[in-house]
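>>> Fold the following for me, if possible:
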Amino acid sequence: MSNTSRPPFTLSIAGSEATGGAGAQADLKTFQALGTYGIVALTCIVSFDPKAGWGHRFVPIEPQVIADQLEAEFACYDMDAVKIGMLGTPATIETVAGALREQTLPHLVLDPVLICKGQEPGAALDTDNALKEQVLPLATFVTPNHFEAMSLSGMDAIEDVEALTEAAKRIYDACGATVLAKGGVRLAGDDAVDVFYDGTTLEILATPKIGEHAVSGAGCSLAAAVTAELAKGATPLEAARSAKAFVTEGIRNRVPSNAPFDALRQL
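As a prediction, this is how the structure comes out:
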């Protein structure tokens, strides 16, 4: 077959979020919007429960089914970049990590979903520890949110840009992956702030806040946009800047819903 029209191939290993605002759905829409060929391996199915405060109902997919998806995908395409989103259980993490170790990937972007809403605290802790031990060492780029940055850095609080910067440096020192630590709307001030650090370059990415509330899918779409830009040949810093601009525009064009949160629109 001719290779002249080969697009960049981007794979998301993530959960389905039924309303389409986050998870694999957000990743695919982001990949499409940014001109890559999007592929998904589903790890779980998440559906909000409107009868119980819009909490998460979480159903894991059988590990063998996950392994089968990855086997087919890696056999079919040479992936230019892979994004990991919600994995959800130690068994899933073991399966995914095992499959990834068999591949030589130029870019592996980890959006480290450390709190799997809908799980018991003990199960969530087991999942967090498995993710840190088995998947984090494989990552080349990590995009922790405010809570995840505290967990990965060992810090008790992150309340300003200086603390977020310290967290990014600690995470880089621990795993060696490029870090884009997301402060978003959770830090005080007029700007939504993220911190990029790759061991050499430190850059504060700041844009004026659009509202004071988080938007569903912003974190997923940011990591997916980084993945797409890396697949197209951008440097990590270029990918971070482009992803920040993409998500800012998506928040500006947010989709209202009957839930107590809006969804990002991937344009």
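>>> Not counting its own residues, what contacts stretch 192-207?
Residues from elsewhere that reach stretch 192-207, judged by CB atoms under 8 Å, 6 or more residues apart in numbering: 161, 164-165, 167-169, 172, 176, 178-185, 187, 191, 208-210, 222, 236-237, 240-241, 244-245, 248. Glycine gets a C-beta too; all of them are placed from N, C-alpha and C.
>>> got it, and stretch 125-135?
Counting by CB under 8 Å, 6+ apart, 84, 87-90, 93-94, 96-97, 100, 110, 112-116, 119, 151-152 sit against stretch 125-135.
>>> Now the buried members of those residues.
Among these, those classed as buried by 16 or more other CB atoms under 10 Å are 84, 87-90, 93, 96-97, 100, 110, 112-116, 119, 151-152.
>>> And stretch 50-62, end to end?
End-to-end distance of stretch 50-62 (CA to CA, to the nearest Å): 26 Å.
>>> nope, stretch 206-217 is what I was after
Using CA to CA, the two ends of stretch 206-217 sit 19 Å apart.
>>> cool, and stretch 21-41?
17 Å.
>>> average pLDDT for it?
What stretch 21-41 shows for mean pLDDT is 98.
>>> buried sites along it?
Going by 16+ other CB under 10 Å, stretch 21-41 has these buried residues: 21-31, 33-34, 36-41.
>>> centre of the chain versus it, how much separation?
Taking CA atoms, centre = their mean, to the nearest Å, one finds stretch 21-41 lying 11 Å from the centre of the chain it belongs to.
>>> I'd like the numbering to begin with 20 instead of 1 from here.
Will do, 20 is the new start, and the previous item becomes stretch 40-60.
>>> quick one on the thing from earlier: which members of the buried ones among the contacts of stretch 144-154 occur in strands, if any?
103, 129 (DSSP state E).
>>> ranges for the strands of this protein?
Taking DSSP E to define them, one finds strands in the chain at 28-36, 56-68, 74-79, 100-103, 127-129, 160-161, 197-203, 210-216, 221-227.
>>> Just name the most buried of those strands.
strand 100-103 (a mean of 29; mean count of other CB atoms under 10 Å).
>>> Confirm for me that residue 250 is in contact with residue 31.
No. Counting by CB atoms under 8 Å, residue 250 does not reach residue 31; the two are 11.5 Å apart.
>>> Check the contact lists of these two and give me the overlap.
Going by CB under 8 Å, 6+ apart, no residue sits against residue 250 while also sitting against residue 31.
>>> can you tell me which residues contact the closest residue in space to residue 69 that isn't next to it in sequence?
Counting by CB to CB, 6 or more residues apart in numbering, residue 69 lies nearest to residue 278, which is 7.3 Å off, once chain neighbours are set aside. Residues near residue 278 by CB under 8 Å, 6+ apart: 38, 67, 69, 73, 235.
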